[in-house]
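sharing a sequence plus its predicted fold:
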Amino acid sequence: MKLHRLLFILFFSALTLSAVAQTESQLRRKKEAIQREIEQLQKNLNKTANGKKLTLQQINTINAQIRLRQDKIGTINSEIKNLDNQISQNTNTVHTLQGQLGDLKKEYAGMIRFAQRNRNAYDKMMFIFASKDFNQAYKRIKYLQQFSQYRKKQAGYIESTQNDLNGKIRVLDKTLKEKSNLLKEQERERERLGKDKNEQSVVLSKLSKDEKRFKQDIVARKKQQAQIDRAISAAIQRAIEEARRKAAEEARRKAAEEARIAAAKAKAENRPAPATPTAPAAKSKSTAELLTATPEAARLSAGFENNKGRLPWPVATGTITERYGMHKVDQATYTNDGVDITTSDGATVRAVFAGKVAAVQVFMGRTVVLINHGEYFTVYQNLRSVSVSVGNLVETKQAIGVVANTGDDAILKFQIRRGQAALNPEAWISK
């Protein structure tokens with residue numbers, strides 16, 4: 001029973017440690033990915049720091065760097081928590097193994113004492129010959145053999161348990177060292193976070209001194225973005241009207257076919273032809289119904305929706321430096337209907353899902369691509385060059401162009417819309 005308990009404890013510990021190791025691996029990969037994003041943002045900041053003119057990009061980059069640094073500290077905290085659980089489990093296992101080892105040694109000592117008392121061959125023979133009959137003598141011979149074998153097994157259990165105990169102690173020592181290193185890393189990240197926040201304070205102080213010019217920059221940006229958003233809305237509306245026109249044509253075709261069949265039936269039955277039915281009005285349909293009227297569009301729309309939270313990023317590597325929604329910088333406010341993703345120079349822009357190119361338009365030397373996915377649309381803004389045209393069918397992750405540099409950074413402005421309604425892309429793309 002003791003041996004069974006020992007094996008169960010070791011088996012359970014192995015399963016637990018396997019799960020912990022998997023979680024540790026995931027956390028380590030996440031931490032490394034965050035660090036790569038921080039380093040990329042720092043490179044961008046180093047390029048823009050030499051400029052005399054403060055830009056919104058610098059503020060967004062610093063804010064994103066602070067957010068990533070906080071995420072990294074949170075990831076380190078999770079790693080430390082996992083190690084604490086592992087240390088606790090290993091400590092309990094060590095104590096259990098020590099108890100089991102003590103019990104095994106006591107049992108073995110008792111067997112050794114018994115063997116010492118009966119080590120004489122004459123005593124063993126007397127033990128056998130003192131039997132009442134042959135059957136009892138046979139059982140006593142078997143008992144002596146089994147006792148000898150069990151003693152050898154018990155010695156093996158003691159050695160195996162001692163090895164397991166030494167192994168667990170080594171793992172425990174290693175885990176304690178890992179925790180110590182993580183605590184040091186956590187302290188370094190907190191110091192860097194403090195420096196980032198100091199830099200943020202300096203930038204905001206500089207901003208307040210140049211408030212007038214900065215407000216003018218934001219007004220100009222809002223005006224330009226409003227122009228682009230109107231063009232995007234118009235392109236989406238054209239797609240809706242095209243769907244409405246096709247729905248109306250299909251309704252007229254069905255009505256004409258039904259009238260032809262009814263007339264043929266009436267003629268065969270030698271009765272007057274019925275009045276021609278009026279095609280149902282396509283305008284009564286909702287936008288969602290119009291955009292998913294065909295089987296292909298319905299499949300695209302359902303596929304897009306089913307992949308919420310798992311859509312690939314529109315660039316292979318990048319960091320969200322401006323999030324969706326209302327933003328306030330000093331006293332100036334503006335709204336972003338998507339996210340701004342800072343990426344590397346010359347990065348390839350990819351379609352996040354299969355669809356059809358609905359629009360390709362140029363504004364102030366920068367191109368906007370609109371892709372239709374049934375009821376949904378994705379918008380890729382600030383492209384230097386494009387490799388698709390209106391009407392092209394695209395696949396998931398297919399290259400559609402190259403991101404342009406805005407100032408010193410390569411920034412892709414990315415939106416997701418359901419009809420005309422802007423959605424938060426962070427809820428749709430993978431984490």
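Noted; the coordinates are in hand.

going forward, measure contacts between C-alpha atoms and count neighbours the same way
Will do.

ok now the helix or strand encompassing residue 81, how far from the chain's centre?
Following DSSP states H and E, one finds residue 81 within helix 56-117. In terms of Cα atoms, centre = their mean, to the nearest Å, the centre of helix 56-117 is found 26 Å from the chain centre.

before we move on, what about stretch 417-431?
With Cα atoms, centre = their mean as the basis, stretch 417-431 stands 16 Å off its chain's centre.

which outside residues touch it?
233, 236-237, 287-288, 307-313, 324-325, 337-339, 375-378, 414-416 (Cα atoms under 8 Å, 6 or more residues apart in numbering).

quick one: mean pLDDT over that stretch.
For stretch 417-431, mean pLDDT is 91.

gap between the two ends of it?
By Cα to Cα, to the nearest Å, the extent of stretch 417-431 from end to end equals 19 Å.

please name every helix or strand in contact with the helix or strand hosting residue 242.
Per DSSP H and E: residue 242 is located in helix 211-268. When contacts are defined as 3 or more Cα pairs under 8 Å, 6 or more residues apart in numbering; DSSP states H and E, helix 211-268 sits against helix 287-291, strand 332-336, strand 355-363.

mind checking which of these is nearest residue 83?
Nearest to residue 83 among the helices and strands packed on helix 211-268 is strand 332-336 (40.6 Å), distances taken as Cα to Cα.

the closest one pairs with which strands?
strand 325-329 (antiparallel) (DSSP bridges).

distance from the chain centre to the strand it pairs with, please.
26 Å.

which residues touch it?
Here strand 325-329 has contacts from 333, 334, 335, 336, 337, 338, 424, using Cα under 8 Å, 6+ apart.

just the buried residues of these.
336, 337, 338, 424 (16 or more other Cα atoms under 10 Å).

I figured the first one was touching residue 323, is that so?
Yep, that's residue 336 we're talking about. Yes - contact criterion Cα atoms under 8 Å: residue 336 and residue 323 qualify, at 7.2 Å.

mutual contacts of those two, please.
By Cα under 8 Å, 6+ apart, no residue touches both residue 336 and residue 323.

tell me the confidence at residue 119?
55.

an error on my part: the question was meant for residue 110.
For residue 110, pLDDT reads 69.

then residue 18?
Note on residue 18: pLDDT of 51.

from the buried ones among the contacts of strand 325-329, which single one is nearest residue 87?
Of the buried ones among the contacts of strand 325-329, the one sitting nearest to residue 87 (Cα to Cα) turns out to be residue 424, at 40.9 Å.

between the helices and strands packed on helix 211-268, which gets the lowest average pLDDT?
When I compare the helices and strands packed on helix 211-268, strand 332-336 is least confident, with a mean of 75.

which is the next helix or strand following that strand?
Following strand 332-336 in sequence, per DSSP H and E, is strand 339-343.

now the angle from that following strand to strand 325-329?
70 degrees (axes from the mean of the first three to the mean of the last three Cα atoms, to 10 degrees).

and strand 339-343, what does it pack against?
Using 3+ Cα pairs under 8 Å, 6+ apart: strand 339-343 touches strand 319-322, strand 409-418.

so for the shortest one, what gets flagged as buried?
Pointing back at strand 319-322 there. 319, 320, 321, 322.

and which of the residues you listed is nearest residue 176?
Distances from residue 176 to these, taken as Cα to Cα, are shortest for residue 319 (33.8 Å).

break this protein into its domains for me.
2-209, 307-427 (automatic domain parsing).

any idea how far the last one is from the chain center?
For domain 307-427, the separation from the chain centroid amounts to 19 Å (computed by Cα atoms, centre = their mean).

any idea of the angle the helix holding residue 81 forms with strand 409-418?
80 degrees.

same for helix 56-117, what does it pack against?
helix 2-49, helix 134-209, strand 319-322.

kindly recompute the last result at 6 Å.
strand 319-322 (3 or more Cα pairs under 6 Å, 6 or more residues apart in numbering; DSSP states H and E).

neighbouring strands - and their directions - for the strand it packs on?
strand 339-343 (antiparallel).

can you list the neighbours in contact with the strand it pairs with?
318, 319, 320, 321, 322, 323, 324, 410, 411, 412, 413, 414 (Cα atoms under 6 Å, 6 or more residues apart in numbering).
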